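1. Here is my input, please return the structure:
(one chain, ligands or ions: 1)
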Amino acid sequence: MKKTALLLGATGLIGSNCLNYLLADDSYKLVKVITRRSLKRTHPKLKEYIIDFNQLEKPNVVFSCEDVFCCLGTTIKKAGSEENFRLVDFEYPLQTASLSLAAGAKQYLLVSSIGSDKNSRNFYLRVKGEVEDAISKLNFNSFLIFRPSLLLGARNEIRFAEKIGGAAAKILSPLFLGGLKKYKPIEAKDVAKAMVVLANQNQTGIKIIISDEIKKKTDE
Ligand SMILES: NC(=O)c1ccc[n+]([C@@H]2O[C@H](COP(=O)([O-])OP(=O)(O)OC[C@H]3O[C@@H](n4cnc5c(N)ncnc54)[C@H](OP(=O)(O)O)[C@@H]3O)[C@@H](O)[C@H]2O)c1
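-> Coordinates of the predicted model:
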C-alpha cells in the first residue's frame with residue numbers, strides 16, 4: 001500500500017532535498033508539506049499547507065500520514081533568542097510528533113545533530129538532545145534520529161561560520177579517520193536520501209544514525 005509522507009522544513013537545505021526524494025519515490029502516493037511560506041512548486045503528489053507554527057494544535061486533518069520527516073531547524077542568531085530557537089528545534093518537532101501520532105503516523109524521522117546530548121552544557125546540543133528524548137517517549141512504531149555533522153550543500157543564505165567550516169573541513173577531509181570519521185561534513189542531500197531509504201525499510205524501535213553511518217545508508 002502506498003504511503004503518505006508529512007514533511008516539515010521543506011524550504012530548508014535537507015528538507016528541500018527530502019522533498020525531491022519523496023516526490024520521486026513510488027512508495028509515496030502523497031507528500032504533505034507543512035510550511036510557513038509557499039514552496040512555489042506544483043507536483044501531482046504535493047499538497048502544501050501554509051500555517052503559523054504557533055497554531056499547530058488547531059484541529060485539522062493535515063497530520064494524518066504514515067511517515068513524518070522533520071527537517072526543521074534554526075540558529076540562535078536567526079531565531080533572535082534562545083527561547084525562539086527552542087520553539088523551532090524543540091516545541092515544533094515535539095508538537096508535530098504528538099499530533100501526527102494521534103492522527104495515525106507510524107514513523108517519525110528527525111534531523112538532530114552530531115553531539116546532541118540532553119545533559120550537554122552547550123545550549124544547541126542540549127536542546128537537540130532534549131527533543132530526541134521527548135519524542136523517544138512517544139509510541140511510534142519507529143523513531144529514527146539522524147545526527148549529521150556539518151552540512152554541505154548550496155544554501156540561499158550565507159552562513160559564514162558554516163562556509164568557513166565547510167571549506168576547512170574539505171581541505172582537512174583526509175584527516176577525518178578512525179574516531180574522527182563521524183565529524184566529517186556530510187552533503188545535505190545524502191542525509192535526505194538516507195531518511196527516505198530508511199523510511200522504506202519498515203524499521204521498528206528507536207534508532208540513532210550518526211553522521212558517518214548516514215552516507216552508508218544511501219547505498220542500501
Ligand atoms: N547546518 C548544519 O551544518 C547542521 C549540522 C548538524 C545538524 N543540523 C540540523 O539539521 C536540521 C536541518 O538543517 P538545515 O540546514 O537543512 O536547515 P535550514 O536550511 O535552515 O532549514 C530549516 C527549515 O526550518 C524552517 N523553519 C525555521 N524556523 C521556522 C519557524 N519559526 N517556523 C516554521 N518553520 C521554520 C525553515 O523554514 P523557512 O524557510 O520558512 O525559514 C526551513 O524549512 C536542523 O535541525 C539543524 O539544526 C544542521
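2. can you map out the strands along the protein?
-> According to DSSP state E, the chain carries its strands in the segments 3-8, 28-35, 46-50, 67-70, 107-111, 142-147, 151-152, 186-187, 205-210.
3. outside of the longest one, which residues touch it?
-> It refers to strand 28-35. Where contact means C-beta atoms under 8 Å, 6 or more residues apart in numbering, the residues beyond strand 28-35 that reach it are 2-8, 10-11, 19, 22-23, 39, 43, 45-51, 53, 62, 65, 96. All C-beta atoms are positioned from the backbone trio N, CA, C, and that covers glycine.
4. Give me the angle between it and strand 3-8.
-> Angle of strand 28-35 versus strand 3-8, following axes from the mean of the first three to the mean of the last three C-alpha atoms, to 10 degrees, is 20 degrees.
5. I'd like the strands of the chain written out as a markdown table, with mean pLDDT, distance to the ligand and mean neighbour count added.
-> Conversion of those to a markdown table gives the following (pLDDT from 0 to 100; distance: least, C-beta to the nearest ligand atom, whole Å; neighbours: other C-beta atoms under 10 Å):
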| stretch | mean pLDDT | distance to the ligand | mean neighbour count |
| --- | --- | --- | --- |
| strand 3-8 | 98 | 7 | 24 |
| strand 28-35 | 97 | 6 | 21 |
| strand 46-50 | 95 | 10 | 15 |
| strand 67-70 | 98 | 8 | 29 |
| strand 107-111 | 98 | 4 | 26 |
| strand 142-147 | 98 | 7 | 22 |
| strand 151-152 | 92 | 4 | 23 |
| strand 186-187 | 93 | 8 | 20 |
| strand 205-210 | 98 | 11 | 15 |
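6. can you put these in CSV and add distance to Asp219?
-> Converted to CSV, the strands of the chain look like this (distance: least, C-beta to C-beta, whole Å):
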stretch, distance to Asp219
strand 3-8, 22
strand 28-35, 21
strand 46-50, 27
strand 67-70, 20
strand 107-111, 18
strand 142-147, 16
strand 151-152, 18
strand 186-187, 14
strand 205-210, 13
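7. To Gly15, which of these lies closest?
-> Between Gly15 and these, the shortest gap by C-beta to C-beta is with strand 3-8, which sits at 6.4 Å.
8. The closest one pairs with which strands, parallel or anti?
-> Applying DSSP bridges, strand 3-8 is found paired with strand 28-35 (parallel), strand 67-70 (parallel).
9. Show me how far the last one is from its chain's centre.
-> This means strand 67-70. Relative to its parent chain, strand 67-70 has a centroid offset of 8 Å by C-alpha atoms, centre = their mean, to the nearest Å.
10. Check what contacts it and list those residues.
-> In contact with strand 67-70 (C-beta under 8 Å, 6+ apart) are residues 3-9, 15, 18, 22, 93, 96-97, 100, 105-111, 195-196, 199.
11. Kind regards, and thank you for your time.
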